[in-house]
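Peer 1: dropping a prediction and its sequence here:
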Amino acid sequence: VDLNLDQVKAWLKPRLGKEATIAKAKGILKNFLIEPFVPHKQTEEFYVCIYAAREGDYVLFHHQGGVDVGDVDAKAQKLLVRVDCKLSESDIKNLLLVHVPLDKKDILASFIFGLFNLYEDLYFTYLEINPLVVTADGVYILDLAAKIDATADYICKVKWGDVEFPPPFGREAYPEEAYIADLDAKSGASLKLTILNPGGRIWTMVAGGGASVVYSDTICDLGGVNELANYGEYSGAPSEQQTYDYAKTILSLMTREKHPEGKILIIGGSIANFTNVAATFKVNKRS
């Protein structure tokens, strides 16, 4: 905190490109954000969060933000904006900003009102700012975490731009996943592939999105969670060539590394979403 550029470079050098562990996930640190230092007091730090639920969107606010904010679910003021209802600045002031100094209420109410409208317009499902700093010079977002609804891509494509959805920390992106995603984008059918454990023993090729979840859950319930190599599904009547390319990709990944106990390919489903699984055996024989 409060370093010049050379000091930041020195701090980054032993950390950039190194493996780190967060909870049980291990991954390589590749990206760091460097932001201008904003001098402020602890009393100028606030917490705000908006998240989606079945009944609507919840707005949480706490007048004491920062790294020591603690259990915000228990401490924060909470306001539910039900589906098809609108949020007003008066609701924000009266229900959320009850412990905020008078000289900061107007600017915070205006900011949260605009933030909520942005959250809705861009189809966020989660948006957290901590701390949100309000000084005499203005409002500053010092740290932010957000999730957007990937299924809204066709609605928000222009507003989002070319958004990439990176894999979660600890799991690398594989070219085979990108290849299947490209096939999926060019097809009216559905072709999905996520590589969970490339050295795993159990591989699946399942027709139907619902069936793929049932198969994966069952494998995990039976003790195969550490050996499950992939998650994916194909449905919507892909052509024989598309099914061949999909099967070839899975078989290529599956046979890349040996396993002392051998490997298993589970082909599942019957006829799902117009996909005849019997045709898959023909394709796998060809592959």
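Peer 2: Cool, the structure landed. Numbers count the residues shown, from 1 in each chain.
Peer 1: tell me where the longest strand sits in this protein.
Peer 2: Of all the elements of type strand in the chain, the one with the most residues (DSSP state E) is strand 124-135.
Peer 1: could you give the separation of the helix or strand following that one from the chain centroid?
Peer 2: Note on strand 124-135: by DSSP states H and E, the next helix or strand toward the C-terminus is strand 138-141. Chain-centre distance of strand 138-141: 26 Å, with C-alpha atoms, centre = their mean, to the nearest Å.
Peer 1: quick one: buried residues of strand 138-141?
Peer 2: Of the residues in strand 138-141, residue 140 count as buried by neighbour count, 16 or more other C-beta atoms under 10 Å. (Glycine included, C-beta is placed from N, CA and C.)
Peer 1: with only the CA atoms kept, save that strand in CSV.
Peer 2: In CSV, the C-alpha atoms belonging to strand 138-141 read as follows (Å, rounded to 0.1, in the frame of the first residue of the first chain):
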residue,chain,number,x,y,z
GLY,A,138,-15.5,12.0,-4.4
VAL,A,139,-16.5,8.3,-4.4
TYR,A,140,-13.8,5.6,-4.9
ILE,A,141,-14.2,1.9,-5.5
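Peer 1: sheet-wise, list the partners of it with their directions.
Peer 2: Paired neighbours of strand 138-141 in the sheet (DSSP bridges): strand 124-135 (antiparallel).
Peer 1: going by neighbour count, which residues of the strand it pairs with are buried?
Peer 2: Neighbour-count burial for strand 124-135 flags 124, 125, 127, 128, 129, 130, 131, 132, 133, 134 (criterion: 16+ other C-beta under 10 Å).
Peer 1: any chance of JSON lines for those, columns pLDDT and distance to residue 84?
Peer 2: Formatted as JSON lines, the buried residues of strand 124-135 follow (pLDDT from 0 to 100; distance: C-beta to C-beta, whole Å):
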{"residue": "124", "pLDDT": "97", "distance to residue 84": "17"}
{"residue": "125", "pLDDT": "97", "distance to residue 84": "17"}
{"residue": "127", "pLDDT": "97", "distance to residue 84": "20"}
{"residue": "128", "pLDDT": "97", "distance to residue 84": "24"}
{"residue": "129", "pLDDT": "97", "distance to residue 84": "25"}
{"residue": "130", "pLDDT": "95", "distance to residue 84": "29"}
{"residue": "131", "pLDDT": "94", "distance to residue 84": "32"}
{"residue": "132", "pLDDT": "96", "distance to residue 84": "27"}
{"residue": "133", "pLDDT": "96", "distance to residue 84": "33"}
{"residue": "134", "pLDDT": "96", "distance to residue 84": "31"}
